[in-house]
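Student: Provide a 3D model corresponding to the input given below.
(chains A and B)
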2 protein chains.
Amino acid sequence: MKRRKAGGGYEGWLKYSLIEDAGMREAYAEKCSRLAVVGDSPVMASARRELKLALSGLLGIVPEESELPDRGPLLVAGVPDRSQLFEPLAAAGDLSGLGEEGYVIESSSDGRVYLAGLTDRAVLYAVFGFIRLLQNGEDLEEIRIRETPANGLRMLNHWDNLDGSVERGYAGKSLFFNNGEITDDLERIEDYARLLASCGINAAAINNVNVHKQETLLITDAYLPEVSRIAAIFRSCGIRLFLSVNYASPMEIGGLNTADPLNADVAAWWKSAVGNVYRHIPDFGGFLVKADSEFRPGPFTYGRNHADGANLLADALAPFGGLVVWRCFVYNCLQDWRDRSTDRARAAYDHFMPLDGDFRDNVLLQIKNGPMDFQVREPVSPLLGGMKRTNQLLELQITQEYTGQQRHLCYLVPQWKEVIEFDTRARGEGSLVARVVDGSLFGRRLGGMAAVANVGDAPNWTGHLLAQANLYGYARLAWNPGLSSEEIAREWVRMTFGRDWEAERVILQMLLDSYNIYEAYTAPLGVGWMVNPDHHYGPNVDGYEYAKWGTYHYADRDGIGVDRTVATGTGFAGQYHSPNSERYESRESCPDELLLFFHHVPYKHRLNSGKTVIQHIYDSRFEGAERAAELLTLWESIGERIDEELYGQVRQRLLHQREHACEWRDILNTYFYRKSGIADEHGRMIY
Amino acid sequence: MKRRKAGGGYEGWLKYSLIEDAGMREAYAEKCSRLAVVGDSPVMASARRELKLALSGLLGIVPEESELPDRGPLLVAGVPDRSQLFEPLAAAGDLSGLGEEGYVIESSSDGRVYLAGLTDRAVLYAVFGFIRLLQNGEDLEEIRIRETPANGLRMLNHWDNLDGSVERGYAGKSLFFNNGEITDDLERIEDYARLLASCGINAAAINNVNVHKQETLLITDAYLPEVSRIAAIFRSCGIRLFLSVNYASPMEIGGLNTADPLNADVAAWWKSAVGNVYRHIPDFGGFLVKADSEFRPGPFTYGRNHADGANLLADALAPFGGLVVWRCFVYNCLQDWRDRSTDRARAAYDHFMPLDGDFRDNVLLQIKNGPMDFQVREPVSPLLGGMKRTNQLLELQITQEYTGQQRHLCYLVPQWKEVIEFDTRARGEGSLVARVVDGSLFGRRLGGMAAVANVGDAPNWTGHLLAQANLYGYARLAWNPGLSSEEIAREWVRMTFGRDWEAERVILQMLLDSYNIYEAYTAPLGVGWMVNPDHHYGPNVDGYEYAKWGTYHYADRDGIGVDRTVATGTGFAGQYHSPNSERYESRESCPDELLLFFHHVPYKHRLNSGKTVIQHIYDSRFEGAERAAELLTLWESIGERIDEELYGQVRQRLLHQREHACEWRDILNTYFYRKSGIADEHGRMIY
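Tutor: Numbers count the residues shown, from 1 in each chain, chains lettered A, B, ... in the order given. Reported below is the predicted structural model:
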C-alpha cells in the first residue's frame, strides 16, 4: 500500500518505524521470515498487505511467502478450516467460542505463530493484534492470546456534511465529503479504514446526524454509487457503513405529503429506499437517526412515539440484516430559562423509559453517557440500566466539543472508564454500564458503543497529535472495556512514538493527568455550560444561563447549583436505581465532583473534601492552570526525544493551553469573587 | 422615471400619492399648472423629472412646460442669471449669500413661484424643498423660504462589501455590490440617490471602512469603470462618491514593500492611483480611511502618526479637490480585561489631540459621537471641541447596531440632537457640538456630519419601515441642526403616510418616545455593552465583560460602573472642558443617565431622581417593557388608517419588540437581583 503522506502524524499509531533494539528486531525477524496468509478475499488481502507493510517497516524484512507445510519458522494467518497449516492449532484448543470477530494468536512448540479466527475479519483483527505486539515489544515465545470483543457494535459517528464541513469538528474538513460531492481522495479513506480496523472499529456512519437538504439524498442514486466506493473500502477492513437519515425523507425526496410512521405509503417508500441502498451496498449497516431533536423532524409531528418511528425503519431494514441506531438525545430545546420546573436532565429518561420493550430487535437506542450533552463532568445517564428490554448503545464523544476542541490536551479514556464502570444497580451490585451496553446484563443480542469521531483532513487526522490517543482509546475500550486508561495510553504511546522509556513515562503522565487538569480549570463540581455560546470554546460563566437550551447553574450572590433532588428539586435524582438515587439525593453523600449537578448550595457549603465550595472553585482554578503549564514543561523535557515536527505541533498547542487555562482561571475566579464577595483564603490574585 | 417597485415602502418619503383634500389639491394645481425648468444639465434633468413626477402623483396633473415670459401661474426652477424669468426674483432680494447649495422658494405677487439657487445642485434642493411643502400641506401664498445648509459635508458611510454583505446591516444585502461585482441594478441606485438628494445628502462612501482584499481594488481599473456609473448617478443628484481605501494598498496592490507615508515611492504610488481615479470620476469626493484600528493597517506600522498618514493621501487628492475623511476610531482592541488602567474611552482623545493643527486643509477627522462605539447612551466625545485647528466631522450611526437592529423601533434623532446640542464649552457657553462640526466655532473651512447608513436591498430599504425616519432624520439634521426631533418626524410621517391627523399623532408619539423606551429596557445609566458578543443583538450582561475590547461594567455584588474620574479613576472625565469635567467628575452633579459611565457606585447609591441605582434598574426595565408593549397597542390603534401591507410589516416587528423587551427586562433584572440580593421595592416578578 502506497504511503503518500508519511510524517507529521499521518501514520498515526500504525507508524512502522524500524525497531531500534537489534536483538529484539532479529528475534522477531526470525519468527516472521516466512509468511503464509491463507485466502484472498478483500479482507484477507488487507491483512496480507498490512502484515507485509508492518514487517517491512518494523523489522526491515520482506518475508518469503509460502504455504508449504514443511518445518521451520512460519507466520500463519487465516481461517483454520481452510488450510492444513492450522492443524497443530486446531489440535491445541477449541476455537468455537470465538464468534465472528474473536481471534487467537498462538505460538507452537516448533516456533510457528498462528494468527487465526473463524472469519476473515477476525483474522484481520488477529493480524493487527500481532502487529501491536511487535510495536509494543512483547515476547513472542509461548504466546497464547485469545481475544473476543466485549461489544458487538463498535461504531463511529461522523458529523460530516456534504459541503465538507464537520459539525463540532476540530481537525479540518471532512474526510468523506468535499464541496457537495463524495471525496475522490479514496487513498486517504483507505488509510483511515486501516487505522480504524487496527483497533477494532466495525461500523461507521459517515454523515452528520443533522441531515440537511442535500444529505437527505445520500440514500438515493444521486450519491449511492459514490458512497458504495467508500463502503467497499470499509468492507475490506471489516467496517460496515451506516448513513444518517432524515426522518422526513418520504416528504422531502419521496414526494409524499407525510412521513407518518404508521402510514402505509411511508412504510412502502422506506422499504423501497432501503432495498435500493442494499443493491448498491450489500453489507450496508443501517440507519443512524436523530429525530424530534433540536429541530429535526420525527414521529412526534404525527402524534406517534419514538418506537413507532424507529420500528418503521427497522422493518424496512430487517430483511437485509440492517440496524436502526436511534438516538435518545431528545429534549425541549426551546425552554424558557425562567421555567425552573422543566429539567433537561430528565428528558431522555422521561421520553424513552415508557417505551422499554416496544422496539424491534434490530433497533439500538444510542444513549449519551450523561443526561445533558458531553459536558466535562456529568453523572451517568439513568437511562443506561433503566431500560431492560431494549438494545442499548452507549454514545461517547471523542471530538472534544466541550473538552478543549483539540487545542487543549484532554485524554478522555479516564472519563469513559468512569462511565462504563458505573454500577447502575439495575440488577444489584455489579450491574456496570459496561454490562448494560454489551447486552450481557439483560441478555440482549445487540449492544455496544458509538462515539462521535474527532478526525478531519488535518495532516495528522485529529489536529492535536495527542488527540489521536482518544480515537485509539475509544476503539480499544469498545473492544475491551476491561483495559485500563493507562494500558491503552501505553500501547498508543509506544505505537506512535516508539519505545523510549523516558518519553513514554512523560507522555503517559501528560495523558493520564490531562482530563483532571482540564476539569480543574474549567468546570467546577459538576457544573457545565460555562462556555461561550455556539462554538463552545472558552470560558463564559453565564454563556448558557439565560438560553433556551435548558442549561443553567443558577449562581447568585449566595450560592450555586441545580436542585435536582426528589425532595425539593426537579426529581431527576429519582431516575436512578437505589442506592444511587439516595446517594445523589443527599448533599452529604453526593460525590463532590457532582455536587452542583444535583444540589444548589451556599458558597460556604463544606465539601466532603473539607473545603468550602467557593474555596474549591478558587483552588482548583489555580491548581488547574498551574498544572496546565506543567504539561508544557513536561513536553519540553522530552523535546530532544521526539520527532522535531511532531514535537513542534504539540508544543504550539500546549503553549496555547497554558495561556487559555489562565483565562479560564481568571474569568471564573473573578466571576465568583464578584458574586460571592468571599476572598480567597490564600490571598492569590483575583481580578 | 420608471417606478418599478411601487408599494411596500419602496417609495420611502417620496411617496407621491394624490392629495386627498380636493381644495388644497386644486389650489396647488393652479400654481403648478405651468412649469419652467431652466437648464438641461444632468442635475437639472433630475430636478425636472422629479418635479413632474411629484406633480403628477400629488396633484394628478401634467403641467404645461413653458419658458414664455407671459403672465399667469408659473412654477420656475433654475439658476436666476440664466433666464430673464427670474428678474422679479432677483429684484426682490440678494441671492449672493446662498453659496453653492442654498436655495430660495419664493412666490411673487403675480402668483408665480420661484425655485432658485446659484447652482444646479441648489436648484435641485429647492425642487425637493418645494415638493416637501406640498407633501406637508404648506400654504404657497406669499411664501418666502431661504435655506442654506449648516454643514458643508453631509455624508453617508456605507459599510458594504463586494460580496454583497453589509457589515452591521439589518436591511438585506448591499445596494451597490453583489457577488464580487458592482451591481447592475442601477435603477435602484437611481431611486436611492433621489431619496438622499431629497433631504440634502451630498456625499457617500459606498464601501466598508474595513477594506478587505478584493475591495482594495476598487480604486483600480478593475472596478473604476463600474464605480463611475454609480458616481454618475450620484452626480445627477448632487452627491459626490467617496471610496474607503486600504492603507496598505501600495503593498497589497501596488507591488511596493512598504506603505510608509513618508516614503517617496509610496507618495508617488498614491498620486498616480488618485490621478487614475479622477480620470474615471472627475468629481470624486475622496477617501474614507479606517487606519490602525481593529487590525486595519495604518501609519503606526512605520512609526508614523495619523497626521503623517492622512496628509500623504491629502497631498495626492488636493490637486483634484478631493478630501480625506480620516476616522478617529482608534483604540487598543486587544486589551486585557484584567487591566483596569487602560480606558478605551480615552483613546481617541489621547491619540488625536496631540496632532491638532498638523493635518492638511483637505483632511477631516471623522469623530464618533461618543468615546466608545455607538452605545445607546454615551457622553459626547471630548475630542469634539477638544481639537481647535482641525476640520471635524461628526460620525453618527443610523444603522441600529446597538439600538435594536431595525427589529426594535428606535427613532434616533433625539439621541443625535442631544449630541449636537451638547455645549463643549470650548469657547465658553454656547460652544455647541453643532458649531464645532459646522466649522463656525473655530472658523474651519470644512466640516459636517457623516453617518453609517441603515439601508440594504430590503424592499423598503431599511427593513423596519419606521427606520426610514432615521435616514431621513439624519439628513435633515445635517442640513439644519436647528430642526427639532418632532419637526423632522412630522415631516417624515406626512411624506410617508400622507396627512391623517390621527395616524400622524400616534406615529409621532411612537417615534418620539422610542429612544427613551429602548434605553429603558436595555442600557441602564450609561452602561453599554450588555449585549451578545459579535452580532450585538439581545441582552447579555457579561457579554463583553471579559473581552479584549475595553468594554466593562465591573458589576459585583456591591455595585457597578466604571470609575473614570480624575481623582480615583482613569481620568477620562478630565478630557472635557470646564465645567463639564467637574460635572462628570462628581457623583452628585453627574447626570443620572451617565452615572455608571463615569462612576462605580453601590447599588444603593441614590440618584438625583431620588431612586437607588438598583431600584432604577428594576423600575426602568419594567417600565420600558411595558412601554414597548404600548408601542404595539398604539400601532394597532391606527391599523385601519395605514396601508395594509405597511401596517403588517411594522406590526410584525413590534410584536417581536414587545417579546424581546421582556427578555431584556427579565435577564437584566435577574442578573442584578442575583448579584445584589436586593429585592424590588414593588415586589414584581424577578426570576
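
Student: In contact with A:N454, which residues?
Tutor: For A:N454, the contact set (Cβ atoms under 8 Å, 6 or more residues apart in numbering or on different chains) comprises A:G169, A:Y170, A:A171, A:I398, A:T399, A:Q400, A:Q406, A:T462, A:G463, A:A467, A:N470, A:L471. Every residue, glycine included, has its C-beta placed from N, CA and C.

Student: and those residues as JSON lines, adding pLDDT and distance to chain B?
Tutor: Converted to JSON lines, the contacts of A:N454 look like this (pLDDT from 0 to 100; distance: Cβ to the nearest Cβ, whole Å):
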{"residue": "A:G169", "pLDDT": "98", "distance to chain B": "21"}
{"residue": "A:Y170", "pLDDT": "98", "distance to chain B": "20"}
{"residue": "A:A171", "pLDDT": "98", "distance to chain B": "24"}
{"residue": "A:I398", "pLDDT": "98", "distance to chain B": "28"}
{"residue": "A:T399", "pLDDT": "98", "distance to chain B": "23"}
{"residue": "A:Q400", "pLDDT": "98", "distance to chain B": "22"}
{"residue": "A:Q406", "pLDDT": "98", "distance to chain B": "22"}
{"residue": "A:T462", "pLDDT": "98", "distance to chain B": "28"}
{"residue": "A:G463", "pLDDT": "97", "distance to chain B": "23"}
{"residue": "A:A467", "pLDDT": "98", "distance to chain B": "27"}
{"residue": "A:N470", "pLDDT": "98", "distance to chain B": "29"}
{"residue": "A:L471", "pLDDT": "98", "distance to chain B": "32"}
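
Student: for the stretch 251-400 of chain A, what spans make up the strands?
Tutor: Along the stretch 251-400 of chain A, the stretches classed as strands by DSSP state E, counting those that start in this stretch are A:286-289, A:323-327, A:363-368, A:391-397.

Student: elements contacting the first one?
Tutor: This means strand A:286-289. For strand A:286-289, the packing partners by 3 or more Cβ pairs under 8 Å, 6 or more residues apart in numbering or on different chains; DSSP states H and E come out as strand A:240-244, helix A:306-317, strand A:323-327.

Student: try it again with 6 Å
Tutor: If contacts are counted by 3 or more Cβ pairs under 6 Å, 6 or more residues apart in numbering or on different chains; DSSP states H and E, strand A:286-289 sits against strand A:240-244, strand A:323-327.

Student: will you turn these into TSV that also has mean neighbour count, mean pLDDT and distance to chain B?
Tutor: Shown next, in TSV, are these (neighbours: other Cβ atoms under 10 Å in any protein chain shown; pLDDT from 0 to 100; distance: least, Cβ to the nearest Cβ, whole Å):
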stretch	mean neighbour count	mean pLDDT	distance to chain B
strand A:240-244	24	98	30
strand A:323-327	28	98	29
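
Student: Any chance of the ones you listed in TSV with distance to B:S589 as columns?
Tutor: Output for these, formatted as TSV (distance: least, Cβ to Cβ, whole Å):
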stretch	distance to B:S589
strand A:240-244	65
strand A:323-327	62
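
Student: Can you report how many residues neighbour A:D221?
Tutor: 11 (other Cβ atoms under 10 Å in any protein chain shown).

Student: same deal with the one 3 residues further on?
Tutor: As a burial measure, A:L224 scores 21 neighbours (other Cβ under 10 Å).

Student: before we move on, what about A:R476?
Tutor: 23.

Student: Now for it: which residues touch it?
Tutor: Taking Cβ atoms under 6 Å, 6 or more residues apart in numbering or on different chains, we find A:R476 in contact with A:C199, A:L483, A:I488.

Student: So which of these are in helices?
Tutor: Among these, the members falling in helices (DSSP state H) are A:I488.

Student: of all the contacts of A:R476, which comes closest to chain B?
Tutor: Taking Cβ to the nearest Cβ as the measure, chain B sits nearest to A:I488 out of those, at 37.0 Å.

Student: Do I have it right that the closest one meets A:Y474?
Tutor: No. With contact defined as Cβ atoms under 6 Å, A:I488 does not reach A:Y474; the gap is 9.2 Å.

Student: Tell me which stretches of the stretch 451-600 of chain A form strands.
Tutor: Along the stretch 451-600 of chain A, the segments classed as strands by DSSP E, counting those that start in this stretch run A:559-560.

Student: Next to chain B, which bits of it? Give me the list.
Tutor: A:D542, A:Y546, A:D556, A:R557 (Cβ under 6 Å from any Cβ of the partner chain).

Student: Quick check: the residue of the stretch 451-600 of chain A nearest chain B.
Tutor: Closest point on the stretch 451-600 of chain A to chain B, by Cβ to the nearest Cβ, is A:D556, at 3.6 Å.

Student: So what's the residue count around that residue?
Tutor: 19.

Student: can you map out the helices along the stretch 51-200 of chain A?
Tutor: When assigned using DSSP state H, counting those that start in this stretch, the helices of the stretch 51-200 of chain A occupy the ranges A:87-92, A:120-135, A:186-198.

Student: do you know which of those helices lies nearest chain B?
Tutor: helix A:186-198 (30.6 Å).

Student: After that closest one, heading C-terminal, what element do we hit next?
Tutor: Using DSSP states H and E, the next helix or strand after helix A:186-198 towards the C-terminus is strand A:203-205.

Student: Packing partners of that following strand?
Tutor: Judged by 3+ Cβ pairs under 6 Å, 6+ apart, the packing partners of strand A:203-205 are strand A:153-157, strand A:240-244.

Student: Stretch A:350-359: end-to-end distance?
Tutor: 16 Å (Cα to Cα, to the nearest Å).

Student: Among the contacts of A:N454, which ones are in helices?
Tutor: Residues of the contacts of A:N454 located in helices (DSSP H): A:N470, A:L471.

Student: give me the element the residue lying closest to the residue of the stretch 451-600 of chain A closest to chain B once chain neighbours are set aside is part of.
Tutor: Leaving aside its chain neighbours, A:D556 sits nearest to B:R674 (3.6 Å; criterion: Cβ to Cβ, 6 or more residues apart in numbering or on different chains). Per DSSP H and E, B:R674 falls inside helix B:644-676.

Student: quick one: that helix to helix A:644-676, angle?
Tutor: Counting by axes from the mean of the first three to the mean of the last three Cα atoms, to 10 degrees, helix B:644-676 lies at 80 degrees to helix A:644-676.

Student: Tell me how many other residues crowd the spatially closest residue to A:G111 that is not a sequence neighbour.
Tutor: Spatial nearest neighbour of A:G111, excluding adjacent residues (Cβ to Cβ, 6+ apart): A:P73 at 5.3 Å. Per other Cβ under 10 Å, the neighbour tally for A:P73 reads 17.

Student: residues in contact with A:P73?
Tutor: Counting by Cβ under 6 Å, 6+ apart, A:P73 has contacts A:E30, A:K31, A:S33, A:R34, A:G111.

Student: Thank you, goodbye.
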